[in-house]
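In: heads up, no residue letters with this:
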């Protein structure tokens, strides 16, 4: 390994190497082709061109490493979100496992729907019903307890179509983007509408993204003391919704810097994509379009989960790249 | 440069090198003595012993790099906080420069006190008065605007005693601790009662800490749209106070992991120190004790700024190291 010892170049090379080494799927980013699961075409090329532009020292679009922030939605962008968000399956399993200790739940339609797995009744309960279940299933303990609960569940839970762990239903091409960007000196953040601690329970192992680089929706945390120790308790109140207009807010609060690249798949990412690409200088906005019913799912305007309409309509005028899973991805899962 | 290419060791070496290279005062951490501004003694030794213990692979106290989180208070721990918090000087300067556009302020006692620099009247206004000034001086713009405002102010503002930029009134021994820990694979976070965007305006340049690794108090951010662009506006409402019991809350929300080391200097850091050292496994809690009136300031129980009493009283039983600025630091400023 030959290294040059002149200041910035040495520093950048080391940082890029270190960042890349965080990822379990490093090897892919280190070969001549950093995006082996992407088919040649305009989307892959747009990605490569963008990264080349912002990392070329002395070039007109150069961005220093500390400002190379890229944000990724999670559900539907990094992993499967159909037929329902993974966190909803977690919540339903939690409700079922807690039900014996809560006989009062049987008197409540939304809890009965959860316990019986009656998806139609769950849908009929709307957002209010889901929030009620989410709070019952996920509040009460500490953040540390919750991360462990979620991690334990992900170990054993299997999805209904592929019968695999949910953490294997991540999109290999996007894993490659994460690794590639980190290898190029980017910091990669997940900006999810899901619960921040739920995503943190697997972000390091699966995406190579440290917990502190996950921005998400949160329950209120109540500080207290018990048995001579400081406690933090997840209250049954959602105090921040990191979705839609909340995503730029979450980014500004947590990251403190406007991203130069953002990746999403639904109208919940519309504001994040705009906030990113409305910044000055070269920017990249990409939308994962689910158009591959055979290998994954096909949905956009008609779907309530991952509803994609406004962002799709405005993509051409805003210069956002719409990724066709069917055409652009040679491979979907690792 | 000879490197071994066996997995973890290579990865750790690169990460440590990359982390160290983030810091402008790198050289100091790369010599045989990583803490040259510290005098030999039990505090320096406690620090070295702790770092050796948690980084020794196969040892009983080994902690993987991803879990090596260290948190630092800012005011009074990393830089001077007397005779008043730097951010207060910023607020007062802002109020004075905005005053001509706000003739209505002259009818308000707290604004008059600010404009006239009447510290006694400011003190008489209490927290409510300061919050009012803070909001008037710091709300209204975007977070990006605010970071620039603060950075510009720090360029020209000088403190009243040394007549230096406030960013030169940082504690060199603590800068060395930040660099040393990063060189040993730690992530270093600032957890400040001050405004998050104020501290972000200099954290990268002065401490080598990325903006995303600053946790602090926040104004509510309101998302909106103007001239066809997404806007974020700092509302005149403080929606999170990252001080005292708020520090563990801020840590859990932002970092998502209990620190293994924490550094503070006042009772505002008491809960952070406890939250850190009440975790299982080897932990380090350190308190910067201001006992050097000659080179800096001497204050603890009697001071309203940086009030240190409970944490000092409980330090022995909790195993916290109390750093004597007078005895333990050979040098105070860079």
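Out: That came through, no problem. In this text, all values refer to a predicted model and were calculated from it rather than measured experimentally. Numbers count the residues shown, from 1 in each chain, chains lettered A, B, ... in the order given.
In: Okay, and residue A:198 sits in which element?
Out: Assessed by DSSP states H and E, residue A:198 sits inside helix A:196-202.
In: Let me know the average pLDDT across whichever helix or strand comes after that helix.
Out: As assigned by DSSP H and E, the chain's next helix or strand after helix A:196-202 is strand A:214-226. Averaging pLDDT along strand A:214-226 gives 97.
In: mind listing what's buried in strand A:214-226?
Out: Buried residues in strand A:214-226, counted by 16 or more other Cβ atoms under 10 Å in any protein chain shown: A:214-219, A:221, A:223. Any C-beta I mention is one placed from the backbone N, CA and C, and that applies to glycine too.
In: Now look at the helix holding residue A:198 and say if it contacts chain B.
Out: Yes: with Cβ under 8 Å from any Cβ of the partner chain as the measure, helix A:196-202 is seen reaching chain B through A:196-197, A:200.
In: I'd like the average pLDDT over that helix.
Out: Helix A:196-202 shows a mean pLDDT of 98.
In: Please apply the same query to stretch A:96-109.
Out: On average, stretch A:96-109 scores 95.
In: For chain A, which segments count as strands?
Out: Secondary structure of chain A by DSSP state E: the strands cover A:69-72, A:187-195, A:214-226, A:229-240, A:261-264, A:284-289, A:321-324.
In: Please name the strands paired to the last one in the sheet, noting orientation.
Out: Listed by DSSP bridges, the sheet partners of strand A:321-324 and their directions read strand A:284-289 (parallel).
In: filter the buried residues of strand A:214-226 down to the ones close to chain B.
Out: By Cβ under 8 Å from any Cβ, the members of the buried residues of strand A:214-226 lying near chain B are A:214, A:218, A:221, A:223.
In: tell me the contacts of residue A:259?
Out: By Cβ atoms under 8 Å, 6 or more residues apart in numbering or on different chains, the contact list for residue A:259 reads A:69-71, A:189, A:251, A:272, A:275-276, A:279.
In: how about 6 Å then?
Out: Residues counted as contacts of residue A:259 (Cβ atoms under 6 Å, 6 or more residues apart in numbering or on different chains) are A:69-71, A:276.
In: hmm, stretch A:225-241 in reach of chain B?
Out: Yes: counting by Cβ under 6 Å from any Cβ of the partner chain, chain B is contacted by stretch A:225-241 at A:229-230, A:232.
In: And for that stretch, what's in contact with it?
Out: A:135, A:139, A:142, A:217-224, B:248, B:252, B:271, B:274-275, B:278.
In: For it, which residues meet the burial criterion?
Out: Judged by neighbour count using 16+ other Cβ under 10 Å, the buried positions of stretch A:225-241 are A:230-234, A:236, A:238, A:240-241.
In: Spell out which residues make up each domain of chain A.
Out: A:7-82+A:163-328, A:86-156 (automatic domain parsing).
In: I'd assumed residue A:331 was in contact with residue A:39.
Out: No: at 9.5 Å, residue A:39 does not count as touching residue A:331 under the criterion of Cβ atoms under 6 Å.
In: re the thing from before, mind putting the strands of chain A in CSV, distance to residue B:151 included?
Out: Converted to CSV, the strands of chain A look like this (distance: least, Cβ to Cβ, whole Å):
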stretch, distance to residue B:151
strand A:69-72, 18
strand A:187-195, 20
strand A:214-226, 24
strand A:229-240, 27
strand A:261-264, 24
strand A:284-289, 26
strand A:321-324, 33
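In: Minimum distance to residue B:183: which of those has it?
Out: strand A:187-195 (19.4 Å; Cβ to Cβ).
In: So what are the sheet partners of that closest one and their directions?
Out: Here, using DSSP bridges, strand A:187-195 pairs with strand A:69-72 (parallel), strand A:214-226 (parallel).
In: how about the residues of the stretch 51-200 of chain A near chain B?
Out: Counting by Cβ under 6 Å from any Cβ, the stretch 51-200 of chain A sits next to chain B at A:66, A:143, A:200.
In: Compile those into CSV and extend it with columns for neighbour count.
Out: Output for those, formatted as CSV (neighbours: other Cβ atoms under 10 Å in any protein chain shown):
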residue, neighbour count
A:66, 17
A:143, 25
A:200, 26
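In: With adjacent residues omitted, what lies nearest to the spatially most central residue of chain A?
Out: Most central in chain A under Cα atoms, centre = their mean is residue A:74, positioned 1.9 Å from the mean C-alpha point. Spatial nearest neighbour of residue A:74, chain neighbours left out: residue A:192 (4.0 Å); criterion: Cβ to Cβ, 6 or more residues apart in numbering or on different chains.
In: For chain A, which segments are assigned as helices?
Out: A:7-21, A:26-30, A:42-55, A:86-98, A:109-116, A:119-124, A:126-138, A:143-156, A:172-183, A:196-202, A:246-254, A:270-277, A:310-318, A:325-328 (DSSP state H).
In: Dump those helices to JSON lines, plus distance to residue B:303.
Out: Below are the helices of chain A laid out as JSON lines (distance: least, Cβ to Cβ, whole Å):
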{"stretch": "helix A:7-21", "distance to residue B:303": "41"}
{"stretch": "helix A:26-30", "distance to residue B:303": "51"}
{"stretch": "helix A:42-55", "distance to residue B:303": "47"}
{"stretch": "helix A:86-98", "distance to residue B:303": "47"}
{"stretch": "helix A:109-116", "distance to residue B:303": "54"}
{"stretch": "helix A:119-124", "distance to residue B:303": "57"}
{"stretch": "helix A:126-138", "distance to residue B:303": "42"}
{"stretch": "helix A:143-156", "distance to residue B:303": "33"}
{"stretch": "helix A:172-183", "distance to residue B:303": "45"}
{"stretch": "helix A:196-202", "distance to residue B:303": "37"}
{"stretch": "helix A:246-254", "distance to residue B:303": "31"}
{"stretch": "helix A:270-277", "distance to residue B:303": "42"}
{"stretch": "helix A:310-318", "distance to residue B:303": "53"}
{"stretch": "helix A:325-328", "distance to residue B:303": "61"}
